[in-house]
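>>> mind looking at a prediction? Sequence and model below.
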Amino acid sequence: MNIFVLKEINDNRIPLSSEIIKSYISLKSDVLIQKDAGFNSFQSDEDFIKAGGKISDLNELVNSEITLCVDMPDEVIISKLKNESVLIGILKPVQNKNLISLINDKKITSFSLEYLPRTTRAQIMDVLSSQANIAGYKAVLMAANHLPSYFPMLTTAAGSIPPSKVLIIGAGVAGLQAIATARRLGAVVEVFDTRSAVEEEVKSLGAKFIKVEGAKEDKEAGGYAIAQSEDFLKKQTEMIHNHSLKSDVIITTAQIPNQNAPLLIFKDTVNQMKKGSVIIDLAASTGGNCELTINNETVNHNGVTIIGNSNLASLLPKDSSKLLAKNYFNFVKLFLNDGLINLNFDDEIISASCITHNGQILKNL
Ligand code: NAD
């Protein structure tokens, strides 16, 4: 049984670490790693060899039963994958329908790990959580780097500096980590979310929760937020407007599964914000929470820096790869035993994340 780990083209991360190689070997598998795959995550071919891996090239894909990647591979790589093999990644199938068709033509069983259920059992393979956590942390550091002021309060002989005010919109995995990081740096933190369940968590991290009355919640939504009425969003954006004008940094993470991100900060608000303030929009890839966000670009509007980087986890590639390596291994362990693949589609973890199997596309893309 060969497990092949691809070198990424547009991402610094890979779903492998030296430590995890021996775990795959214990499942009676050989780990083949594309040459220099770990270069951008500071993991050398020599480290992988020492841990028991084998450095390889794309010609070995045809002999590999399982291929691991972060992003969807391109057409050339797909053409080299073994027919009826297994491909695991964060494949974004909706954005990559044509490539999914090519994968399906080869009867490859593909799994996209962003589709894993958010259940307790799936937590150890939850790539969204492990990477959102990193993104929340990095967002605060990035904001601090761009801000022309201190985060903490400072009292010096030359006078006092007040602490920076950080507004966080959306207290999911990324938002909670952003709160904790901003608090550790000494900022005063305020938080908006539509889910009342997060109020206690926000307060326990030392931040102020701002409640907007009338938010809709749905117990059936699996802990996720649901779309809000126009009336509520109007009320919420007015409150966000008022708090934005007092803030030095805004970190937005508000998302609703399978929909565009809610638009919560408008141009008029940015026009009136303090010059030098910073907005980090972690919802950039789904349209952004700020009207002026451009995905994967940094723009300066009227003295306000707006950063629309939707892949901040890739900027901490060493640790994000380590966590991805564990997430992927915990997933593979579900169906690989003694060098044999045994897929159980009655397991909701397998069925929810499977995109193609046996020549069929299993999701409405
Ligand atoms: P997410 O990325 O989908 O959304 C980020 C946050 O934005 C959420 O807290 C959401 O409530 C909030 N939001 C949406 N619309 C908003 C609006 N108009 N204004 C303000 N905030 C808004 O969230 P996530 O980080 O993926 O977490 C979603 C849920 O999944 C949480 O309940 C989390 O605890 C849960 N979760 C469970 C597991 C597990 O059990 N395996 C793992 C991770 C997350």
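The structure has been received and is ready for your questions. Numbers count the residues shown, from 1 in each chain.
>>> just the pLDDT for the residue sitting furthest away from the middle of the chain.
No residue in the chain has its C-alpha farther from the mean C-alpha position than Ala157, which lies at 43.2 Å (CA atoms, centre = their mean). For Ala157, the model assigns a pLDDT of 96.
>>> any idea how far it is from Thr356?
In this structure, Ala157 lies at 66 Å from Thr356, with CB to CB, to the nearest Å as the measure. Yep, even glycine has a C-beta here, placed from its N, CA and C like the rest.
>>> now do Asn104
For Asn104, the distance to Thr356 under the criterion CB to CB works out to 4 Å.
>>> cool, and Ser160?
Summarising the geometry, the distance separating Ser160 from Thr356, computed by CB to CB, is 61 Å.
>>> the two: which has the busier surroundings?
Neighbours of Ser160 and Thr356, each counted by other CB atoms under 10 Å, are more numerous for Thr356; the result is 24 against 8.
>>> number of nearby residues for the closest residue to the ligand within the chain?
Nearest residue of the chain to the ligand: Gly172, at 2.3 Å (CB to the nearest ligand atom). Per other CB under 10 Å, the neighbour tally for Gly172 reads 21.
>>> show me what contacts it?
Listed by CB atoms under 8 Å, 6 or more residues apart in numbering, the contact partners of Gly172 are Ala132, Asp193, Val198, Thr253, Gln255.
>>> buried subset of these, written for ChimeraX?
With 16 or more other CB atoms under 10 Å as the burial test, the buried ones among the contacts of Gly172 are selected in ChimeraX as follows:
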select :132,193,198,253,255
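>>> Thr253 against Leu282, yeah?
Yes. Under the criterion of CB atoms under 8 Å, Thr253 lies in contact with Leu282, with a separation of 4.5 Å.
>>> so for these two, which residues contact both of them?
With CB under 8 Å, 6+ apart applied, the overlap between the contact sets of Thr253 and Leu282 consists of Gly136, Gly170, Ala174.
>>> count the residues that sit near Ser112.
Counted with other CB under 10 Å, the burial measure for Ser112 works out to 24 neighbours.
>>> was I right about it contacting Ile355?
Yes. Contact criterion CB under 8 Å: Ser112 and Ile355 qualify, at 5.1 Å.
>>> find residues that contact each of those two.
Leu91, Pro93.
>>> can you add secondary structure and give the contacts of Gly172 back as CSV?
Listed next are the contacts of Gly172 as CSV, based on DSSP: H, G, I helix; E, B strand; the rest coil:
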residue, secondary structure
Ala132, helix
Asp193, coil
Val198, helix
Thr253, coil
Gln255, coil
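>>> restrict the contacts of Gly172 to those that also contact the ligand, please.
The subset of the contacts of Gly172 within reach of the ligand, by CB under 6 Å from any ligand atom, is Ala132, Asp193, Val198, Thr253, Gln255.
>>> measure the closest residue to the second one other than its chain neighbours to Lys235 for me?
Leaving out its chain neighbours, the residue that sits closest to Asp193 by CB to CB, 6 or more residues apart in numbering is Ala171, at 4.4 Å. When distance is defined by CB to CB, Ala171 is 19 Å away from Lys235.
>>> understood, closing this out.
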